[in-house]
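S.K.: Based on what follows, work out the 3D shape:
(4 chains)
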Amino acid sequence: MTEEEAFEFVKNTLKEERITPYHKNEIEIVHSVEGCINCGLCINHCPVVAAVGVDRFTGPRSIAVELSRSPPEFWSTADKIYLCTGCGTCREVCPKNVNVPEVVNLVRARIFEHRPDLVPKGLHMVREIIVEHNLAFEPWEDPEEKVESRDVRLERLDIPYTEDIIKKNAEVLFYPGCQAEERAQEVREAAKVVLNYFDVDYTLLDDMSCCGLPSALMGDDETSQRLAGLLKEKVAGLGVKKVVTTCAGCTSNISDISLQDQWSIPVYHMVEYLAEEVGLDRLKQALGSSKEFSEVTVTVHDPCHLIRHTSRRTMQDAIEILKVISGVKVAISEAEDSCCGGGGLVAYHSKDVADSVVQENLISIDKTGAERLVAPCPLCTAQIEANLFKSGSSVEVDDLMVFIAQRLPKK
Amino acid sequence: MAGLAAGTIAAENGLETLMLRTGQSATAYSSGAIDIIGYPPEGLALKEYLPDTEVPFKTPSDGLRAILTLFPFHPYGIIGFGADDDKVVESVIAHVKESISWLKERLAGSCAALIGGFERNIYPITVLGTTKPTCLIQETMWSETLNANPDNVLIFAGFRGHAEFNALSTTRAYLENQLRTGKPPHKVGHCVLEISPFGKPYNISSIELARHFDHDGSMVDLAAAIKKHVDQLGATHVAIPPVLGIEQALQNKAELQKELGVEVFELVALPPSVPGFRLQRAMDRTFKNAGGTLLIGHQARSAIFKNDMIESVVAQSPRREVTISPKTVILASGKFIGGGLEADENGIRETVLDLMPVTTNLHPAEEVRPVYHTNVFSLSPDGHAVLGAGLAVDMDFRPIDADGVERAKNLFCAGSILAKYNYSLEKSGLGVALSTGLAAGRNAARMAKEVS
Amino acid sequence: MIDPEKIPSQVRMCSACPKMCRHVCPTFFAWRSDSPTPHGRALLIHQEIKGTRQLDERGIEVLYQCLECAHCLTWCLPEIDIAEIVEHRRTELVKEGRHPAGLTSLVANVVEHHNPFGEAHNARSDWIEVSPKKGKRIAYFTGCTSAYREKEIVESTVKLLDSLGFDIVIPDEWCCGSPLLRTGFIDEALEQARHNVEVLNSLDVEEIVTTCPGCYRVLKQDYASHGLKLNSQVSHLSEFLETKIKDLKTARIEGKVTYHDPCHLGRHMDVYDAPRNVIQKVTGRKVVEMERHADNAMCCGNGAGMRLLFPEKAKAIGNERIRQAMDVGADMVVTACPFCRNMLASQSGDEIRVLDLPELVSLTLEDE
Amino acid sequence: MSESDFDVVVIGGGSTGTAVARDCALRGFKTLLLERDDIASATVGTCAGMISSGLKYMDEPEIVDMCSEEVVHLNRIARHIIMKNPILTPILELSDLSTGGNFAAEYSKRAESRDVPPVMFLEPEAALEIEPLLNPDLISSLYFEEYFIDPFRLCLLQALDAQENGAVVKTYCEVIDIVVRDSTVESVTFYNRVTGEIESATTKTIINAGGPWAHKIAAQAGATLDLRLNKGAHVILDRRVVNVGVITKAVDGRMIYLFPHENTTLLGTTALDTWEDPDTLVATHDEIEYLLKSIEWIIPSIREARIIRTMEGVRPLVPTWKVPEGEVTRGYEVIDHESEGVSGLVSFTGGKLVTCRHMAEAATDLISQKLGVESKCTTHELPLPGMESDVDVLSIAKEYDISQHALERLRARRGTQIMEILDLVKEHSNWRTTICTCEPVIEAEIRYSIRNEFPQTLNDLRRRVRLGTGPCQGTFCTYKAAAILADELDLTGEDYLVDILDFRAERWKGIRPPMRGPQLAQEEVAQGLYACVGNLDQIETEYDPKPWEEVG
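M.R.: Residues are numbered from 1 along each chain as shown, chains lettered A, B, ... in the order given. Purely as a prediction, here's the structure:
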């Protein structure tokens, strides 16, 4: 037998034994789990455990100390591992920095490879869309309808439409993310209005493609890597110096791939960009003197991918920005940093779990007495808005960019 | 606890205070009881030197006196370093006493409201049926009359499917102890209740019971479930694991007592417990109410030193790095759990600023093999010396190097990162954290004001 | 009925909405695209009203993809009944002669044979055997699907009502008109309706009972809104049985039983508890609810011509509904609609038993 | 009290002793198995679980043949507790390649019968893809496959099967005297540590399977037995840090290995001739360093891995002296002491886990002959309990509402016996509760084990259900399991607390020697539970120090 044949044979045996060797870039994640001291502090804080109990979702501790110890048995974790919303609370309260959210992805990737039949059907459907369209959502069948959908919403929200700018060597690439591209188009448009107002030299992608986060979350590493590569090519081709996005998930994920793939380009969420690059002074000038809007009390929701996967300073920035807007009072909710349940693709297969997770937020939001909830992420807004509506709450929900764009003076 | 105490006092002193935190530690891990001092640091060696002192210490001041006599470099001793020789003991006692009052005040009315005081150690019952000396417990864990009357009848109530507490074993262990010592109560029973927060009588965690009992009306079912056992045994007291709620526990206790007509109290649970969760939550709120800023998820990684001062601290979040330039820095990074210390087979390291750790005998610990500082017995009154390793400090709680010189003039430390403090053995955990936290916080505040 | 004047403002509001209703729209589930959603349909009508874009063939197709399950309405804060608006537009399309060709034979069948299947009219009820009884005299309106395709429903209903001592009359019914009304063929529907009203009013019965929620809605609601009045009260069998619940027995039924709410019975007519109470009585225990139930129940996929026009998609929806039942570990799905029964049974495989309510209740008779 | 008239008394409940008891019972002999501690509590409990094809002993072809054949037998009778491990032997130097070649040829000759491929050679890139932790300077790798068994379960199943077939199995019964009359064994006297009573049993024959204590047992009958005792230590790492097994040369040229095993990785082993009491031995710093240093050449990052504990045992080698340990035969000897005037006493020296059944067959053949009975060995044909059929974990998880992973672990330990445990769950709904969260172990299995598998301590439970063997080393399950044990055995409160101390002591024995890294934080947690809050470091109990604690 030649060495090549031998290797083929061995690979086959490994597959039979359900072993996918750890890749080099996974070893650090696996190693972090060895710090777990089984204390269960994370269980006390896990929003999914709080929502459905430790019997249904055995919690981050179980992922660290039990479910991730033996790769040949990863398949048997399929009834638990997909219920993690990836909010990162466990990692944050863990004294040992155990990287459970990444371990979840790693285990999911192994199940995806060895037992695709155990991957929830809802995730396969998302996967088909991503593979076909390079987008996390089925694009509009008819582009004209997409335009119409955008226009009526801008009209309703009183946000002006500005032409897309696509050019080389702009300072900034504005990357709206799939949700704002296909569904919450007003967020994409609002961000453009804001960028224009502050004279940011920006461009959009000529052909929007997903950053790869949803694929990574369902364990489809191959697609996730392909999409990351595709985005890298596009960013390099445009010659931009910075990437700015309005999506929390894209912020953390593109920050990550920019580092992993050595883009040498900083990645910002729009709130960070506004706070750091535009500056609160200019924001105050623009937003601080309008008499047009009546007083409004807003509460905020902190997207997990911003506060726990990027940095909690992002939400400090967001609140500072809100505070300079005239007429805006901020009422902080007790559960402002609690996961909305929309993460980890859980809603695609176990909607009851996702919706249970958000309940705590709803109660706290109502308690604040705010009329409006603002969040800097179109996915969190959708999840919370839907559930607030279901609960009969009168609190309205806006993406932060829409809220700002509405209050900018017309230029 | 040390960091929160230090941060709160600094903020109360009008300083702009930022707390960097990654991961929760001793406070969240605790049983919720605040130990001051229960046993001498080096086991029963005390008997030789202070034959008249009763062990466990009857009062915190007995303990502090013993410690200050035998182990002046214990963190409690350092509190008194600045005082005149003849006033050392009294000044430490005064400081610890004041620390306790400070904490009780801050937590009054919170979900972790405390009861007990400096006058004596108390002996709450643990979920193992043992008792331990401590100083303050949460009001929910308090029973006024349990040991007062020989006719008292105590019933331990557990929950089916809640493995963290087994009422039968606890009952047996506690009863045998009572019979051995002759102390009341002598009549002890147990019962198992059916409460399933998510509809299933298995894999029930303490936190979900606590959350469940935070809901309005949840006491009705619980009272009804306990009632028949109380009546059956003629119980005068009911002990349950500490799951009576997070925010509502005290009200729930009152409601249960009203419904049942007997005293109800929570046991001391093994960490991480619901009372620990309450304490962490209440302490976080205290800090924020004092005006402090809590930056969670940021791990201090290193500092830039200039001359004899820390110029800035570099902290890392999952995808961002920040540099902060404070006037003073307090390091309260904990021991091995908290991650302030790390060890391999070659020695012990301080993880954030690469300071010099020392053993419990105050020898440099950088080349100390941990196993040589352990006891052959897993659980013995002599404890494991390696858990007493940490930082050596000057009288202001500034870490010092091998020459006894402070690493930086504006760097202080507090809590279990301090050397010569083996809390598991001494039953002194949160007490030392609190006292040294307040001391370090005040020192830092004083310095910050001087600098500006 | 919808006020045509209000349609423009309503569709404008609908098309500018953040589209939460998409999450429950079964056709969004089947196509995964934004067009076959309430929002997408509103957009099409909105554009047409504004004059920016005419309704083309694809647009018409999108309008005919709506199952009229009314699920979106439960998610709509301003309560815009987009299904109703769609139905209104379908009516116009029919008038314009632009309805999908696939419907032509359906309409022709109903007109000629009084049933959508094109079966002989005289075979509709000649096989049903009823025996006169002393009890209350009631008319049993079977509906086309039960009469030709799901005969077990009729058989068990007759057996059941008979055992309860009712004097059953099987009227010379024609198609109730539901499939025509829902797809926009008003005139043809009313022709059927008039016959039925005439026949039913000529009978000396105390009550009209039907097992088909489509018929139930049409008899009770649509006839009236078109000025056709029935003299007797119309009940769905589930409601009728609920009033006789004391006379029902309990059968030995193994396993978990769940209940699938038919859209036309639940959301359209607000009947949720009656079938559940009957099931509880018959099985002796509470219904195991699917995650989505009552007003949040998912459509079976067999509504408003969907199965005729887009069979694969309709089946995908039905299949999903079965999966939801399996998720809660159900061994049996009971429904109260011949369409639902037909669709769910076709997707259930060997793992789950699908029964219509009368079939379940008549199990109590077998034990005797 | 006396129980009489056994055909055979087997002394020692290790792999060989239990195999002998099973064989004797299956052949219809009235059999008594006496174990002074618990089943598999000594040598076999500290092995890696490899049912070796004999790969280390290629210059003893008849032993290799025997090993290889036994692997086939074990796969036939105990497939449910066996796993296959692919193994790499990376070569860093050319000189190692030539010896590898000889080995490859010998190994490959017998591979097919065991249903594994012949030895193959892999290019460095391929090896690195399979195991990225390998030293990238490797020049080639050998690849082959070996089988691993759960040694605790093997011994226990043999004992249970013996019981099933009429044998009496008594644990915690230490033989204190063997009565010989007219140069023939007559009875054994033993101390029952559970009841505290001295008992005896008359017997026609005795098989001494006392492992490293065999010479002391022989001496009780006035017989002599020479043994070469050799200590071996393992370092146990948390989780499967390597994807496949790795075998390499140690600092002194011996072979050592790093094997993924269950949810852990085993690094072993050392070999030191010893004259200490096997009960008091713990791993030394030198042994730990020897292993780490040796594997470090081939896995340079090994020290970053979390060390949970060490374990150490003593091999009772065939007494060949003045040669290195590695040159002592891995075959075994059945010694009939009749030649020195003690009739009816048979002892073993040497042997390996994989040959335990073969050893038993040989000894039982001899006993048959002595008893004058003709009998046929069936131990290689009849399956051990739990191997009846496959188990569909996914569907029973759904049916019983227990997590799939908990059931998969349960299946891996017990095969079809899992259904007996699930029967308990039907009656006691709350017994689904997970007690040991590392492995995980549910309450029903613990209760089942206590009722059916005669454990006396938490440590015995650990061998049967893997309680407390995860990274937290019983930090969070000790007190929970102790309560269940106390409930089932109706223990006093004192015994309940002593059981906790006892298990902490036993875990600490292995935790302490390599104490470093995360395990130090883990121990701070454990101390926090049991000392700081539980106050068990201060209360007085009737805890008896363990042998290794007394030595200090």
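S.K.: what sits against the residue of the stretch 351-452 of chain B found nearest chain C?
M.R.: The nearest approach of the stretch 351-452 of chain B to chain C comes at residue B:430, 44.7 Å away (Cβ to the nearest Cβ). (Each C-beta comes from the backbone N, C-alpha and C, glycine too.) Shown in contact with residue B:430 (Cβ atoms under 8 Å, 6 or more residues apart in numbering or on different chains): B:1, B:26, B:27, B:30, B:33, B:34, B:35.
S.K.: likewise residue C:230?
M.R.: Residue C:230 touches C:197, C:200, C:201, C:208, C:219, C:223, counting by Cβ under 8 Å, 6+ apart.
S.K.: What of residue C:141?
M.R.: The contact partners of residue C:141, taken as Cβ under 8 Å, 6+ apart, are C:171, C:173, C:176, C:196, C:200, C:208, C:209, C:210, C:212, C:215, C:219, C:234.
S.K.: Tell me which of these fall in helices.
M.R.: C:196, C:200, C:215 (DSSP state H).
S.K.: The last one against residue C:143, yeah?
M.R.: Yes - the pair residue C:215 / residue C:143 is scored as a contact, 4.3 Å apart, by Cβ atoms under 8 Å.
S.K.: Show me the common contact partners of the two, please.
M.R.: Going by Cβ under 8 Å, 6+ apart, residues that sit against residue C:215 and also against residue C:143 are residue C:176.
S.K.: Which segments of the chain make up each domain?
M.R.: Because you didn't say which chain, this covers chain A. A:3-119, A:143-278, A:287-407 (automatic domain parsing).
S.K.: if you could check chain C rather than the one you did, that'd help
M.R.: Listed by automatic domain parsing, the domain ranges of chain C are C:4-99, C:121-243, C:252-366.
S.K.: TSV for the ones you listed, including distance to residue B:405 and mean pLDDT?
M.R.: Below are those laid out as TSV (distance: least, Cβ to Cβ, whole Å; pLDDT from 0 to 100):
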stretch	distance to residue B:405	mean pLDDT
domain C:4-99	64	85
domain C:121-243	87	90
domain C:252-366	66	87
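S.K.: Quick one: closest of those to residue B:261.
M.R.: Minimum separation from residue B:261 across the domains of chain C (Cβ to Cβ) falls at domain C:252-366, 35.8 Å.
S.K.: Is the closest one in proximity to chain B?
M.R.: No - using Cβ under 8 Å from any Cβ of the partner chain, domain C:252-366 never reaches chain B; the gap is at least 12.4 Å.
S.K.: returning to that earlier point: pick out whichever of the ones in helices among the contacts of residue C:141 sits closest to chain B.
M.R.: Nearest to chain B among those, with distances taken as Cβ to the nearest Cβ, is residue C:215, at 39.0 Å.
S.K.: The closest one: neighbour count?
M.R.: The local packing of residue C:215 (other Cβ atoms under 10 Å in any protein chain shown) involves 28 other residues.
S.K.: From residue D:333, how far off is it?
M.R.: Relative to residue D:333, residue C:215 is positioned 91 Å away (Cβ to Cβ, to the nearest Å).
S.K.: same deal with residue A:44?
M.R.: For residue A:44 relative to residue D:333 (Cβ to Cβ), the value is 59 Å.
S.K.: before we move on, back to that, please render the domains of chain C as TSV that adds distance to residue A:229 to the earlier fields.
M.R.: TSV is the format used below for the domains of chain C (distance: least, Cβ to Cβ, whole Å):
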stretch	distance to residue A:229
domain C:4-99	26
domain C:121-243	49
domain C:252-366	33
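S.K.: Residue D:117: which of these is closest?
M.R.: Comparing the domains of chain C by Cβ to Cβ, domain C:252-366 comes nearest, at 40.6 Å.
S.K.: Which strand or helix spans the residue in the stretch 51-200 of chain B that chain C sits nearest to?
M.R.: Closest to chain C within the stretch 51-200 of chain B is residue B:199: 12.4 Å, counting by Cβ to the nearest Cβ. Here residue B:199 is covered by no helix or strand, with elements defined by DSSP states H and E.
S.K.: separation between it and residue B:235?
M.R.: Distance, residue B:199 to residue B:235, using Cβ to Cβ: 29 Å.
S.K.: In terms of neighbours, single out the busier of the two.
M.R.: The neighbour comparison of residue B:199 against residue B:235 (other Cβ under 10 Å) goes to residue B:235, with 25 against 7.
S.K.: Check the secondary structure at the more buried one for me.
M.R.: coil (DSSP: H, G, I helix; E, B strand; the rest coil).
S.K.: for the chain, what spans make up the strands?
M.R.: In the absence of a named chain, chain A is used. Applying DSSP state E to chain A gives strands spanning A:172-175, A:202-203, A:242-245, A:267-269, A:296-300, A:328-330, A:372-375, A:396-399.
S.K.: meant chain C actually
M.R.: Under DSSP E, chain C gives strands at C:137-141, C:167-169, C:207-210, C:233-236, C:257-259, C:332-335, C:353-356.
S.K.: How about the contacts made by residue D:325?
M.R.: By Cβ under 8 Å, 6+ apart, the neighbours of residue D:325 are D:230, D:271, D:273, D:317.
S.K.: What's opposite the last one in the beta bridge?
M.R.: This points to residue D:317. When bridges are called by DSSP bridges, residue D:317 pairs up with residue D:228.
S.K.: for it, what are its contacts?
M.R.: Neighbouring residues of residue D:317 by Cβ under 8 Å, 6+ apart: D:227, D:228, D:229, D:230, D:325, D:328, D:349, D:350.
S.K.: From chain A, how far off is it?
M.R.: 33 Å (Cβ to the nearest Cβ, to the nearest Å).
S.K.: Give me the pLDDT value at that residue.
M.R.: If you check residue D:317, the pLDDT there is 96.
S.K.: Next one: it relative to residue D:43, how far apart?
M.R.: 11 Å.
S.K.: Let's see the helix or strand that contains residue D:87 as CSV, backbone CA atoms only.
M.R.: Counting by DSSP H and E, the element that carries residue D:87 is strand D:82-91. What follows is strand D:82-91, C-alpha atoms only, in CSV (Å, rounded to 0.1, in the frame of the first residue of the first chain):
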residue,chain,number,x,y,z
ILE,D,82,-14.7,-2.4,23.7
MET,D,83,-13.6,0.5,21.5
LYS,D,84,-11.1,0.7,18.7
ASN,D,85,-8.3,3.2,18.8
PRO,D,86,-6.2,4.2,15.8
ILE,D,87,-2.6,4.6,16.8
LEU,D,88,0.3,6.6,15.4
THR,D,89,3.9,5.9,16.1
PRO,D,90,5.7,9.0,14.8
ILE,D,91,9.3,8.5,13.9
